[in-house]
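> I would like the atomic coordinates for the input below:
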Amino acid sequence: FSQEGYKFTDVKRLPTTSVKDQYASGTCWAFSGVSFIESEMTKLGTKIEDVPDISEMYIVRKCYEAKAEKYIRMHGTINFAGGGSFFDNFWCAKNYGLVPEEVYSGLNYGLSKHNHDELDKVLKAYVESLKEQSKLTTAWLAGFNGILDAYFGKVPENFTYKGKSYTPRTFADQVVKINPDDYVSITSYTHHSFWQSFILEIPDNWIWEASFNVPMEDMVKIADYAINNVFSNLPYQWMP
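The predicted structure follows:
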């Protein structure tokens with residue numbers, strides 16, 4: 001009987017950027033999405049040593065702003081939480097740009113790692129207190145952003161990265177160079193027809209993004225094709 005446990009053998013190894021640590025936050029979608037975007041940069045020709053560490057919390061921050069407005073408009077009948085979907089990252093990149101981690105870590109509350117337990121409770125209490133208001137003042141969104149400023153820090157309008165000045169928009173366009181419209185979400189569910197798009201009915205899909213539904217065997221083929229062809233322009237190592 002062996003005590004060694006499972007052993008994994010690499011079949012194909014692709015270039016990757018740094019490990020993303022969400023720690024005690026409900027923002028796995030942002031960390032996995034940023035990791036994907038960074039990897040896409042290498043696929044599109046950026047040398048891996050030139051790929052920036054992209055800020056997850058900038059994306060989380062912008063999504064929180066939009067979530068709050070939609071929650072208020074829907075009178076609290078939709079989900080409001082830290083969760084999200086993969087496409088939230090592309091939504092942010094398309095509408096608000098991106099920033100590097102070094103200028104917006106989102107750690108403005110005395111901790112070295114992300115812990116959103118307090119933040120999530122404060123934000124939820126704030127929007128809950130407003131959802132039934134018959135008429136909101138012009139100050140409510142500024143108040144909400146004041147909470148985000150306190151925990152995450154103010155969003156930089158301009159910043160310097162590698163000696164050059166950028167805005168979030170120009171950083172996304174000139175450095176990251178990812179076109180959000182080039183990507184589609186693939187799912188495999190039996191409660192919707194295959195080969196059609198549908199909006200996945202889960203609370204965290206607050207953005208109501210549509211996914212393209214395919215049979216499971218085709219989803220596996222898509223994944224295999226991506227590994228074996230889409231990344232084939234990169235150096236990789238086959239393992240025995």
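> what residues of the longest helix along the chain count as buried?
When the chain is parsed with DSSP state H, its longest helix is helix 56-73. Using 16 or more other C-beta atoms under 10 Å as the test for burial, helix 56-73 gives 56-64, 66-68, 70-72. No exception for glycine: its C-beta is placed from N, CA and C like everyone else's.
> now swap in stretch 36-49 and tell me
For stretch 36-49, by 16+ other C-beta under 10 Å, it's 36, 37, 38, 39, 40, 41, 42, 46.
> so what's the closest residue to residue 88 other than its chain neighbours up against?
The shortest distance from residue 88 to any non-neighbouring residue, by C-beta to C-beta, 6 or more residues apart in numbering, is to residue 63 (5.1 Å). Contacts for residue 63 (C-beta atoms under 8 Å, 6 or more residues apart in numbering) come out as 30, 84, 88, 91, 92, 207.
> find me the pLDDT at residue 63, would you?
Residue 63 is assigned a predicted lDDT (pLDDT) of 98.
> and for residue 131?
For residue 131, pLDDT reads 90.
> what segments of this structure are helices?
Using DSSP H, helices in the chain cover 28-43, 56-73, 87-96, 117-128, 140-152, 168-171, 216-225.
> which outside residues touch the shortest one?
If you take C-beta under 8 Å, 6+ apart as the criterion, helix 168-171 is touched by 58, 96, 97, 98, 99, 100, 155, 156, 159, 161.
> hmm, the fourth one is touching residue 92, no?
Spelled out, that is residue 98. Yes - contact criterion C-beta atoms under 8 Å: residue 98 and residue 92 qualify, at 7.1 Å.
> shared neighbours, these two?
Contact criterion C-beta under 8 Å, 6+ apart; residues shared by residue 98 and residue 92: 58, 59.
> identify the residue spatially nearest to the residue sitting nearest the centre point of the chain, adjacent ones excluded.
Ranked by distance to the mean C-alpha position of the chain (C-alpha atoms, centre = their mean), the top residue is residue 30 at 2.7 Å. Closest residue to residue 30 apart from its sequence neighbours, by C-beta to C-beta, 6+ apart: residue 56 at 4.2 Å.
> pLDDT value on residue 166, please?
pLDDT, residue 166: 98.
> what sits against the nearest residue to it once chain neighbours are set aside?
Nearest non-adjacent residue to residue 166, counting by C-beta to C-beta, 6+ apart: residue 159, 6.1 Å away. Applying C-beta under 8 Å, 6+ apart to residue 159 gives the contacts 99, 100, 103, 165, 166, 167, 171.
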